[in-house]
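Asker: build me a model:
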Amino acid sequence: TDRLVLEAFRDSVTRDVRDLLGNWNNDTHPCEWCGVLCMCSTPQLYPSYIARDCPEDGRYPDKERVFGIDLGTSARPGGPGIMATLPTEIGLLSETRMMYMHGLGLSGTVPTEFGRMSNLVRLFLMLNSLTGTIPSE
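Answerer: The predicted model follows:
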């Protein structure tokens with residue numbers, strides 16, 4: 001599930017000076033985590049045909065998917081707020097369309113599994129210490 005992928009990223013964090021991931025825990029739904037955008041929690045970002053499947057009671061459907069990760073803009077100002085690597089599980093976020101993770105302090109190699117994210121249209125990884133290339137498939 002998307003939760004497991006996000007937990008793998010959280011577990012790769014060695015430093016979080018601004019506590020950006022402070023609410024990334026089992027007590028809250030991943031759609032409530034800082035920087036995580038889900039289809040039903042932010043319906044204004046999605047076409048009406050997606051939002052119509054969201055329950056009106058404000059709860060998340062069992063299979064709620066992550067639409068985007070926006071930690072790059074959360075980390076500003078002041079430089080890297082997180083020291084982490086990108087886990088290979090990242091490629092399992094198949095519904096994710098945008099990922100803003102610039103200037104976080106990410107290091108290591110860009111996982112080839114990024115190529116599995118066929119719906120990804122915006123990827124901001126600049127201002128990190130990553131190596132490798134972004135795979136196309």
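
Asker: packing partners of the longest strand that the chain contains?
Answerer: Secondary structure of the chain per DSSP state E: the longest strand is strand 66-70. Here strand 66-70 touches helix 2-12, strand 36-38, strand 98-100, going by 3 or more CB pairs under 8 Å, 6 or more residues apart in numbering; DSSP states H and E. C-beta coordinates here come from the backbone N, C-alpha and C atoms, glycine included.

Asker: sheet partners, orientation included, of the helix or strand just after the first one?
Answerer: Counting by DSSP states H and E, the next helix or strand C-terminal to helix 2-12 is strand 15-16. Paired strands of strand 15-16, with direction, are strand 82-83 (antiparallel) (DSSP bridges).

Asker: quick one: contacts of the strand it pairs with?
Answerer: For strand 82-83, contacts defined as CB atoms under 8 Å, 6 or more residues apart in numbering pick out 13-18, 20-21, 71, 75, 104-107.
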